[in-house]
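S.K.: Have a look; sequence and predicted model below, questions after that.
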Amino acid sequence: MITKIDMNSAEFMAEFERTQAFSDKVCQQFSLTYTPLHDVKESIQQGLTRNKLIYGKRYCPCFMVIGNTKEEREKAGNRLCPCTPALNEEIPQNGACHCTLFCTPEHARALAEEERLKEVSHTHSQGLSKEACEALIHQKEIDADELEALLEARSRGIVRFNLVDTREWMEWAQYRIKGTDYLVPTTSFYDALAQLKGHEKTPTIVYCYSGSRSAYCQRVLKHLGYQTVVNLGNGIMSYNGEIESGE
């Protein structure tokens, strides 16, 4: 049976304010800060409020609440905010709790910068700055919009990198991302890799059709000593920029 809560009710709004005050105290007590992602923050606080109204406690809204009675719920060890795994493991190790409501100041700044870069790269007609390019080129994975923005920046001499297609020759000849520098097919990877000799220190962006083959090649390149290797997540199938074909 689904319990329906009216988020516009006076009861919910009053409890929501108490939840906000509660989470403010958690930040103060443990020297934490909120996620800079406002929608995430609001959603988690609403979930905590909902659980408080239903169960009488602010159980973490990112996990199932197990148990039909108060005693069963306590025995089941449901996560109660701020939960022990978050304080003892997740925040010290990852910089944020599982829900990402509470973060270390350093992690919150990194999240804010990541969001800023996404916003800039997804409106890349204005042009990426050198600093934005450097930040993107050192990520493990970028999306199609970010690659398109980096290619535009490379054409202006703002950034240097090699774009490598890890698909097979017939795929490459049929169509490829305009600006691709090398074809290094996954099936003949080590033989074709001779083309990149001497480029170990040059940032490399790899792509395939969906992102899986190139992710594998990314790991191999890192193992071989290539310092900066970035994978195009979701591959060429997600790319809406310029395409070229032919040998």
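M.R.: Okay, I see it.
S.K.: For the rest of this, base every contact and every neighbour count on C-alpha atoms.
M.R.: Fine.
S.K.: how about the helices in this protein?
M.R.: 10-30, 38-55, 70-76, 84-85, 91-94, 105-121, 130-137, 144-155, 169-174, 189-192, 212-223 (DSSP state H).
S.K.: which stretch among those helices comes nearest Ser245?
M.R.: Ser245 sits nearest to helix 169-174 of all the helices of the chain, at 5.3 Å, using Cα to Cα.
S.K.: Grab the CA positions of that closest one and hand them over as PDB.
M.R.: Extracted C-alpha coordinates of helix 169-174, given in PDB (Å, rounded to 0.1, in the frame of the first residue of the first chain):
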ATOM      1  CA  TRP A 169      38.500   0.100 -40.500                       C
ATOM      2  CA  MET A 170      35.200  -0.500 -42.200                       C
ATOM      3  CA  GLU A 171      33.400   1.500 -39.500                       C
ATOM      4  CA  TRP A 172      36.000   4.300 -39.700                       C
ATOM      5  CA  ALA A 173      35.700   4.500 -43.500                       C
ATOM      6  CA  GLN A 174      31.900   4.600 -43.300                       C
END
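S.K.: on that earlier part again, packed most tightly, which of the helices of the chain would that be?
M.R.: helix 144-155 (a mean of 21; mean count of other Cα atoms under 10 Å).
S.K.: tell me what that helix is packed against?
M.R.: helix 105-121, helix 130-137 (3 or more Cα pairs under 8 Å, 6 or more residues apart in numbering; DSSP states H and E).
S.K.: any idea which of those scores lowest on pLDDT?
M.R.: Mean pLDDT values for the helices and strands packed on helix 144-155 show the minimum at helix 105-121, a mean of 82.
S.K.: and Tyr239, backbone torsions?
M.R.: phi -90, psi 130 (degrees, to the nearest 10).
S.K.: which non-adjacent residue is nearest it?
M.R.: Distances taken as Cα to Cα, 6 or more residues apart in numbering place Ala144 nearest to Tyr239, at 5.0 Å, with adjacent residues excluded.
S.K.: pLDDT score for His124?
M.R.: Confidence score, pLDDT, at His124: 52.
S.K.: and if you look at Leu128?
M.R.: For Leu128, pLDDT reads 83.
S.K.: and it, how far is that from Ser31?
M.R.: Distance, Leu128 to Ser31, using Cα to Cα, to the nearest Å: 34 Å.
S.K.: which of those two has more neighbours?
M.R.: Leu128 (24 against 12; other Cα atoms under 10 Å).
S.K.: How confident was the prediction at the residue nearest to Tyr239?
M.R.: 94.
S.K.: ok, it touching Met237?
M.R.: No. Using Cα atoms under 8 Å, Ala144 makes no contact with Met237, being 9.1 Å away.
S.K.: Other residues contacting the helix or strand of the chain with the lowest mean pLDDT?
M.R.: Sorting the helices and strands of the chain by mean pLDDT, DSSP states H and E puts helix 105-121 at the bottom, at a mean of 82. Outside helix 105-121, the residues that touch it by Cα atoms under 8 Å, 6 or more residues apart in numbering are 32-37, 95-96, 128, 132, 136, 145-146, 149.
S.K.: what inclination does it have with respect to helix 144-155?
M.R.: Inter-element angle recorded for helix 105-121 and helix 144-155: 70 degrees (by axes from the mean of the first three to the mean of the last three Cα atoms, to 10 degrees).
S.K.: Dump helix 105-121 to PDB, keeping only the CA atoms.
M.R.: Taking C-alpha atoms only, helix 105-121 is exported to PDB below (Å, rounded to 0.1, in the frame of the first residue of the first chain):
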ATOM      1  CA  PRO A 105      33.800  21.600   1.400                       C
ATOM      2  CA  GLU A 106      36.400  20.300  -1.000                       C
ATOM      3  CA  HIS A 107      34.000  17.800  -2.700                       C
ATOM      4  CA  ALA A 108      31.300  20.500  -2.900                       C
ATOM      5  CA  ARG A 109      33.700  22.800  -4.700                       C
ATOM      6  CA  ALA A 110      34.600  20.000  -7.100                       C
ATOM      7  CA  LEU A 111      31.000  19.300  -7.800                       C
ATOM      8  CA  ALA A 112      30.300  23.000  -8.500                       C
ATOM      9  CA  GLU A 113      33.200  23.200 -10.900                       C
ATOM     10  CA  GLU A 114      32.100  20.100 -12.700                       C
ATOM     11  CA  GLU A 115      28.600  21.600 -13.100                       C
ATOM     12  CA  ARG A 116      30.100  24.800 -14.400                       C
ATOM     13  CA  LEU A 117      32.200  23.000 -16.900                       C
ATOM     14  CA  LYS A 118      29.200  21.000 -18.200                       C
ATOM     15  CA  GLU A 119      27.300  24.300 -18.600                       C
ATOM     16  CA  VAL A 120      30.100  25.900 -20.500                       C
ATOM     17  CA  SER A 121      30.900  22.900 -22.700                       C
END
